[in-house]
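Undergrad: what's the 3D shape of this:
(one chain, ligands or ions: 2)
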Amino acid sequence: MNIQINSLATDFNSIPIIDISPLVEKFDDANIHRDAGVCEVVTQLDKACREAGLFYLKGHGIPDSVLKEARDVIHEFFHMPLEEKIKIKLSMTTGCRGYQEVEENFTKGLPDVQEAIDFYKEFAYGMYGDMGKLLEGPNLWPSNPQNFEEVLKQYIDHCTVLSRKIMRGIALALGGSVDEFEGHIASNPFWVMRLIGYPMVSKQNGHAHTQSIGCGAHTDYGLLTLLNQDESISALEVMNKSGEWISVPPIHGTSICIIGDMLKILSNGLYEAALHRVINVSQQYRVSAVYFYEPNYDATIEPLDICVQKTGGIKKLGPAIYGEHLVSKVRNTFRF
Ligand SMILES: O=C(O)CCC(=O)C(=O)O
Ligand SMILES: [Fe+2]
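TA: Residues are numbered from 1 along each chain as shown. Ligands and ions are numbered 1, 2, ... in the order given. Below is the predicted model:
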């Protein structure tokens, strides 16, 4: 597989904001192609995916109360004593599911100044053979706070429904049929949920040597990511074509959508997998809920014919088996 960070189509200095409410309302409508509101959303999605690979979503339909409740229980969990948190500690024997302490997670060989809990969609033992072994196992849900599991499961369901709608818009934007991604590519979409807590970074707490990097520069692995970040702290950044880091501050009521490696391959490089990082130099503890919407675990991902035609007739990227791509990334993330 060959994933390269190509230069973006046109440079950007601010992040697009797309009101996707027409798509959210009409995603299942037989006449979706003819709807003027949806067509406008599709045009904006196409531009944002080509240029920035990361954008804000307005009108996404997830209630503010659901977004806030998710962040609140995540804050509550991370504020508990370490003895409580390590009751759900991640290891090789938990299917890489569970809690990791600060600096147990690595990006490109450097420790991240973050603590986190990882959840993966559950699947039957043996279902994906050797390719699935590393991630087999039930999710580890904390018993404290008591409503944690219920709140987060509800949030995951919202994200799965919304992601399918966005992928329908992206299918149209690429010139495909509305259900282009619902056959062998993502009829049974895998998902990953990563809940992250970023301590304030200062010399006093001993993290100065890692240059304050909460999450090192990376692209996401799958189709698209939905990010729910704390409302008062600006810490996320995305790189533009000129190599400048552009700040992605929170905007009330919006979600952030980030294009991942698999969508880049499917689009034959038309769409960009955004390079992004997190630096929390604020005086506050920051949390985020990061939901990754992925292809079928065992899907072979290669450029769609419609995208190959638009890009000179040659497949420039892939093929990749999604599950293999994920497992190779997870292996590089931990030092067991
Ligand atoms: O916490 C954030 O804002 C982003 C985290 C992220 O990019 C990731 O976990 O892939
Ligand atoms: Fe990311």
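Undergrad: Tell me where the stretch 1-150 of the chain is predicted with low confidence.
TA: Across the stretch 1-150 of the chain, residues meeting the criterion (pLDDT under 70) sit at 1-10.
Undergrad: in it, which spans are strands?
TA: Secondary structure of the stretch 1-150 of the chain by DSSP state E, counting those that start in this stretch: the strands cover 17-19, 54-58, 98-100, 106-107, 110-111, 115-120.
Undergrad: The fifth one pairs with which strands, parallel or anti?
TA: This points to strand 110-111. Using DSSP bridges, the strands paired with strand 110-111 are strand 106-107 (antiparallel).
Undergrad: Same check on the last one?
TA: Listed by DSSP bridges, the sheet partners of strand 115-120 and their directions read strand 98-100 (antiparallel), strand 191-198 (antiparallel).
Undergrad: nearest to ligand 1, of those?
TA: strand 191-198 (4.9 Å; Cβ to the nearest ligand atom). Yep, even glycine has a C-beta here, placed from its N, CA and C like the rest.
Undergrad: want to throw the strands paired with strand 115-120 into CSV with mean neighbour count?
TA: Formatted as CSV, these follow (neighbours: other Cβ atoms under 10 Å):
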stretch, mean neighbour count
strand 98-100, 23
strand 191-198, 22
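Undergrad: I figured residue 186 was touching residue 223, is that so?
TA: Yes: contact status for residue 186 versus residue 223: in contact at 6.6 Å, counting by Cβ atoms under 8 Å.
Undergrad: who touches both of those two?
TA: Listed as contacting both residue 186 and residue 223 by Cβ atoms under 8 Å, 6 or more residues apart in numbering are 167, 293-295.
Undergrad: Does the residue of the stretch 151-300 of the chain found nearest ligand 1 lie in a helix or a strand, and which?
TA: Closest contact between the stretch 151-300 of the chain and ligand 1, by Cβ to the nearest ligand atom, is at residue 288 (3.4 Å). Remark: residue 288 resides in strand 286-293, with elements defined by DSSP states H and E.
Undergrad: What residues does this structure have near ligand 1?
TA: Proximity of the chain to ligand 1 is confined to 194, 196, 215, 220, 227, 229, 236, 276, 278, 288, 290 under the rule Cβ under 6 Å from any ligand atom.
Undergrad: and the fifth one, helix, strand or coil?
TA: In this case it means residue 227. strand (DSSP: H, G, I helix; E, B strand; the rest coil).
Undergrad: Can you tell me how far it is from residue 12?
TA: 18 Å (Cβ to Cβ, to the nearest Å).
Undergrad: re the thing from before, contact partners for the residue of the stretch 151-300 of the chain closest to ligand 1?
TA: By Cβ under 8 Å, 6+ apart, the residues touching residue 288 are 71, 195-196, 198, 227-230, 278.
Undergrad: Please enumerate the helices of the chain.
TA: Ranges of helices in the chain, per DSSP state H, are 21-26, 36-51, 64-78, 82-85, 130-133, 148-173, 261-266, 305-310, 322-333.
Undergrad: What segments of the stretch 201-336 of the chain are strands?
TA: In the stretch 201-336 of the chain, the strands defined using DSSP E, counting those that start in this stretch lie at 213-218, 224-229, 236-239, 245-247, 255-259, 276-279, 286-293, 300-301, 320-321.
Undergrad: Counting neighbours, what do you get for the residue nearest to residue 322 when sequence neighbours are not counted?
TA: In space, not counting the residues next to it along the chain, residue 322 is nearest to residue 295; the distance is 4.5 Å by Cβ to Cβ, 6 or more residues apart in numbering. The number of residues packed near residue 295 is 30, by other Cβ atoms under 10 Å.
Undergrad: hang on, the earlier thing: for the strand holding residue 288, output the C-alpha coordinates as CSV.
TA: Output in CSV follows, covering the C-alpha atoms of strand 286-293 (Å, rounded to 0.1, in the frame of the first residue of the first chain):
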residue,chain,number,x,y,z
ARG,A,286,-9.1,19.1,27.5
VAL,A,287,-11.2,16.1,26.5
SER,A,288,-12.3,14.9,23.1
ALA,A,289,-14.5,12.0,21.8
VAL,A,290,-13.1,10.8,18.5
TYR,A,291,-15.4,8.5,16.5
PHE,A,292,-13.8,6.8,13.4
TYR,A,293,-16.2,5.5,10.7
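Undergrad: need the contact list for residue 331.
TA: residue 134.
Undergrad: and residue 186 and residue 223? which has more neighbours close in?
TA: residue 223 (28 against 25).
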